[in-house]
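Asks: What follows is a protein structure lacking sequence information:
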């Protein structure tokens, strides 16, 4: 197995689903030059702190701190500040563990001192021993708003406070036109051999990255092999409101729908065995197809799915 | 025992020592109209949070949350955020417990939203069930700087980070001339029957309150009985660098020295039995003297010292 740093992989990721794939990649090719660009459009302020849910989920995953049960937060964290915040009548719909709070405190302080989020993220991740280049999609503020039957909600209000209950009608990313894409993102699109779109919510988590000025065009022109892992298995999402978001923007919640949605920026779609029947239809859209077991529950699952994503470029990883 | 609200007491307090006396007062006269004005000149920013060490110590004491061992912080608090802050390389010389962090988060957020510290303090204390009127000495920013042999240090740097080691040469309260004294403080000096100066550091904790514009003059003219509990017993402070601060400003660290220091704003000094020999000398300074056991270790101690302070006005409390 070639473990040289010449293997450079760029991953576009949201939170929990992306974090799983990224962990698998880090384990499947330990010495690979792994660059992870994470959605920050669902960042928000809570208790005066700047919270980056997706970045933190991936950072905790890559540092081995992640809570395996929830997929977010830190393993074995305590909830004493959270409880006390409740006693003060402060909002508690977003649960912040005590250890997790330290991340938000340090980040918020550095941001207030004028450091860009990319630099802050590098400091935090490096302190936790993360070897991968973990970066926010932009240093600028982009905010996802979800249009629902009950009106427009900030993403975390919809996702956590309202528990994804209100029916989704659409989505917008405030500030996206003025946001500068991460330099690591633009550089990597030019440099890497493989670009992987994680099985995150294509509309709420991946679209903000693609919608940053110039990113979609750069991806369309990239010489890298571009692979996505389908977040839809047998017409369902394993987690979260992915189906609702896809339908809200008129995309069929199937492997074929995902293929059509990503086709302009994709070469290969990894689909689950359950969707093997869609292979020929996806190929007719001009994409290659890799079929395998894509559910990620264990560490072995994560490595297996990572190897599926790597396999067309580096078959030896299979 | 008369427990009517007609008994109004104003206490001027620093942190740990003041908190003990205030707890004693609250228990000795449960229905008394207790107003506690707390030094805020040693407030500081840490991890971007606004920390009020003395206010919190008194608030936790009055709400029954205080850590009995340390005198500060919350009983049974955990240190997970603190540990994680250390992992990020953030400064950890001031220890913030996880529950305690919630206090600073809520306070900092409300202050940033423009609420004055007095209003914020009322909200926090009320959420914790504190019946007394607990208030900061001012809503304005006053900062204690300690002149030491190693240069000038912010108070908490001297007190906590340097562990009170550098020899003290003097002290200054930046911003004090422009600070408006608390309305509760000024109103209470006019209204209450009894004013108690807690056995806190006279130079570092009580002087900032007295030095607020107009406060010393109002106290001099007050019709209330003005009682102080000596923080010096047998020439020593029970806790903290009180002796060093007194000597740095040329005050003898004895009961007589305390009497002389406070005489312009005092009627009566409560001294420990160890200092009974100083009684006649203190009386020659024009002050009454109450002698008793003033060490406060247990709840009974605190009530006993509180009753000593109350005894010249309300002897039945003895």
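Replies: Here it is on my side, so go on. Being a predicted model, the structure only gives us computed values, none of them experimental.

Asks: Let me see the ranges of the helices in the stretch 51-200 of chain A.
Replies: For the stretch 51-200 of chain A, the helices defined by DSSP state H, counting those that start in this stretch occupy A:53-63, A:80-87, A:98-112, A:117-127, A:155-156, A:183-191.

Asks: How far away from the center of its chain is the first one?
Replies: Its chain's C-alpha centre lies 10 Å from the corresponding centre of helix A:53-63 when counted by Cα atoms, centre = their mean, to the nearest Å.

Asks: Please apply the same query to the third one.
Replies: Helix A:98-112 has its average C-alpha position 21 Å from the chain's average C-alpha position, going by Cα atoms, centre = their mean.

Asks: can you list contacts of that helix?
Replies: With contact meaning Cβ atoms under 8 Å, 6 or more residues apart in numbering or on different chains, helix A:98-112 is reached by A:46, A:48-52, A:56, A:59, A:65, A:73-74, A:77-82, A:96, A:117, A:119-121, A:123-124, B:47-49, B:78, B:80-85, B:87-88, B:90, B:98, B:101. C-beta: built from backbone N, CA, C; applies to glycine.

Asks: what angle separates it from helix A:80-87?
Replies: Relative orientation of helix A:98-112 versus helix A:80-87 (axes from the mean of the first three to the mean of the last three Cα atoms, to 10 degrees): 80 degrees.

Asks: and the residue lying closest to residue A:292 once chain neighbours are set aside, what element?
Replies: Nearest residue to residue A:292, sequence neighbours excluded (Cβ to Cβ, 6 or more residues apart in numbering or on different chains): residue A:308, at 4.4 Å. Using DSSP states H and E, residue A:308 sits in helix A:299-311.

Asks: Can you list the buried residues in that helix?
Replies: A:302, A:303, A:304, A:305, A:306, A:307, A:308, A:309, A:310, A:311 (16 or more other Cβ atoms under 10 Å in any protein chain shown).

Asks: Between those residues, which sits nearest chain B?
Replies: Sorting the buried residues of helix A:299-311 by distance to chain B puts residue A:302 at the head of the list, at 24.8 Å, by Cβ to the nearest Cβ.

Asks: on that earlier part again, among the helices of the stretch 51-200 of chain A, show me which one is buried the most.
Replies: helix A:53-63 (a mean of 26; mean count of other Cβ atoms under 10 Å in any protein chain shown).

Asks: List the buried residues in stretch A:292-299.
Replies: A:292, A:294, A:296.

Asks: would you turn the residues you listed into TSV with secondary structure and pLDDT?
Replies: Formatted as TSV, the buried residues of stretch A:292-299 follow (DSSP: H, G, I helix; E, B strand; the rest coil; pLDDT from 0 to 100):
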residue	secondary structure	pLDDT
A:292	strand	97
A:294	coil	96
A:296	coil	94
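
Asks: Would it be right to say that residue A:204 lies in a strand?
Replies: No. Per DSSP: H, G, I helix; E, B strand; the rest coil, residue A:204 lies outside any strand segment and is helix.

Asks: any idea whether residue A:36 is helix, strand or coil?
Replies: Recorded secondary structure, residue A:36: strand (three-state DSSP).

Asks: Bridge partners for it, pull those for me.
Replies: residue A:11, residue A:134 (DSSP bridges).

Asks: Can you give me the neighbour number for it?
Replies: 30 (other Cβ atoms under 10 Å in any protein chain shown).

Asks: so who does it touch?
Replies: Going by Cβ under 8 Å, 6+ apart, residue A:36 touches A:10, A:11, A:13, A:18, A:22, A:58, A:62, A:132, A:133, A:134, A:135.

Asks: ok, now with 10 Å
Replies: Going by Cβ atoms under 10 Å, 6 or more residues apart in numbering or on different chains, residue A:36 touches A:9-13, A:18-19, A:21-22, A:25-26, A:55, A:58-59, A:61-62, A:125, A:130, A:132-135, A:184, A:188, A:196, A:198.

Asks: Surely residue A:203 touches residue A:245?
Replies: Yes. The criterion here is Cβ atoms under 10 Å, and residue A:203 meets it with residue A:245 at 3.8 Å.

Asks: which residues are common contacts for those two?
Replies: When Cβ under 10 Å, 6+ apart defines a contact, the residues bordering residue A:203 and residue A:245 alike are A:146, A:168, A:170, A:171, A:251.

Asks: Now the closest residue to chain B within the stretch 101-250 of chain A. Nearest residue, chain neighbours left out?
Replies: Relative to chain B, the nearest point of the stretch 101-250 of chain A is residue A:102 (3.5 Å; Cβ to the nearest Cβ). Take residue A:102 and drop its neighbours on the chain: the residue closest to it by Cβ to Cβ, 6+ apart is residue B:84, 3.5 Å away.

Asks: Local confidence estimate at the residue nearest to residue A:260 when sequence neighbours are not counted?
Replies: Closest residue in space to residue A:260, ignoring its immediate chain neighbours: residue A:285 at 5.9 Å, by Cβ to Cβ, 6+ apart. pLDDT, residue A:285: 97.

Asks: for chain A, what spans make up the strands?
Replies: Using DSSP state E, the strands found in chain A span residues A:8-13, A:33-38, A:44-46, A:49-51, A:133-136, A:143-148, A:151-154, A:168-174, A:194-197, A:225-229, A:232-233, A:236-237, A:268-272, A:288-292.

Asks: least reliable of these going by mean pLDDT?
Replies: Of all those, the minimum mean pLDDT falls on strand A:236-237 (a mean of 93).

Asks: Residues contacting it, please?
Replies: By Cβ under 10 Å, 6+ apart, the residues outside strand A:236-237 that reach it are A:17, A:199, A:201, A:230-231, A:242-246, A:253-254, A:274.

Asks: Kindly indicate the member of those with the most neighbours.
Replies: Compared across the contacts of strand A:236-237, residue A:199 has the highest neighbour count, 33 neighbours, by other Cβ under 10 Å.

Asks: Now do the contacts for that one.
Replies: Residue A:199 is in contact with A:13-14, A:16-18, A:20-21, A:205-206, A:228-233, A:237-239, A:242, A:258, A:270, A:272, A:294-296, A:305, A:309, counting by Cβ under 10 Å, 6+ apart.

Asks: before we move on, back to that, wait, doesn't the residue nearest to residue A:292 sit right on residue A:228?
Replies: No. Counting by Cβ under 10 Å, residue A:308 stays clear of residue A:228, with 11.2 Å between them.
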